[in-house]
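J.: Sequence below, structure please.
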Amino acid sequence: MAKFLVTFALPQESLLFERKLTRVVVKHGLTLGQLGAHEIAVFRLGLGAQDKEGFKRVVKELSSELVIHSGFAGAVRTLLEPGDFVLAENFSLPELSNWLGRTRIFAARGSFATVNEIADSAAKARLNSESNIIALDMESAQVAALCSDLAVSYVSAKMISDRYDEGIPGVFLGKGIRQMEDLSDAIAFATRMIELRRRLADRLTELIAEIGSDPHIRD
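T.: Numbers count the residues shown, from 1 in each chain. Model (predicted):
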């Protein structure tokens, strides 16, 4: 039985975290392994949580104690920087959110917005002016709703990949390279993400150790 089910949208987000696992078995797109004393399963939902049926099947089969939804998010709050690990309070079980918010793992905690497509700086500015949102992503709301339906505990904890005043370079969105600046932006962002994937894996390891140290948190 896997105690923790860690979900990501894309394989690129989960790769370095999966490398931290021992006794790894991969079957049917699901990675099973151990992280210290904890049994871990890693499932990739697809962009926008496309594989909802697969997620529900995995949760039921593994009888997971806790779902940790992770990956990357775009900042809306002006003070957030790439590499900050943030807790989505509105998409986490309240009891868990309150307890984890008092730890030193997170750079910030607050409400996330869920969007249907990757947001540019203008879209982030609109959200910042309209509501008290710290970050946005494409999956947390759907994962939280699924976990509520399945009666399983859940936390959404993500790493900031892009600041409030920037977006994802167009080359990563299938827009190609139109000018030399597009190429330099893409190289800079790709270099940043290499480091952030490593940092995300480290923060998730810390989060699992923190939760695993207090069995009452998972009750």
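
J.: biggest helix in this structure by residues?
T.: The helix that spans the most residues within the chain, counting by DSSP state H, is helix 180-212.

J.: So which residues of this protein form helices?
T.: 11-18, 52-62, 94-100, 121-130, 140-150, 180-212.

J.: Please name whichever of these is nearest to Leu87.
T.: Nearest of the helices of the chain to Leu87, taken as C-beta to C-beta: helix 94-100 at 6.0 Å. (Each C-beta comes from the backbone N, C-alpha and C, glycine too.)

J.: Could you list every helix and strand in contact with the closest one?
T.: Helix 94-100 sits against strand 153-162, helix 180-212, with contacts defined as 3 or more C-beta pairs under 8 Å, 6 or more residues apart in numbering; DSSP states H and E.

J.: and those as a markdown table, adding distance to Ala125 and mean neighbour count?
T.: Formatted as a markdown table, the helices and strands packed on helix 94-100 follow (distance: least, C-beta to C-beta, whole Å; neighbours: other C-beta atoms under 10 Å):
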| stretch | distance to Ala125 | mean neighbour count |
| --- | --- | --- |
| strand 153-162 | 13 | 25 |
| helix 180-212 | 19 | 16 |
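
J.: looking at these, which has the lowest confidence?
T.: When the helices and strands packed on helix 94-100 are ranked by mean pLDDT, helix 180-212 comes last with a mean of 86.

J.: Tell me what angle that helix forms with strand 153-162.
T.: 150 degrees (axes from the mean of the first three to the mean of the last three C-alpha atoms, to 10 degrees).

J.: Tell me the gap between helix 180-212 and the middle of its chain.
T.: Averaging C-alpha positions (C-alpha atoms, centre = their mean, to the nearest Å) puts helix 180-212 11 Å from its chain's average.

J.: Are there helices or strands packed against that helix, and which ones?
T.: Judged by 3+ C-beta pairs under 8 Å, 6+ apart, helix 180-212 is in contact with strand 4-8, helix 11-18, strand 38-44, strand 66-69, strand 85-88, helix 94-100, strand 153-162.

J.: quick one, the third one and helix 11-18 angle?
T.: Read it as strand 38-44. Put simply, strand 38-44 runs at 170 degrees to helix 11-18, going by the same axes, to 10 degrees.

J.: Which elements pack onto strand 38-44?
T.: strand 4-8, helix 11-18, strand 30-35, helix 52-62, helix 180-212.
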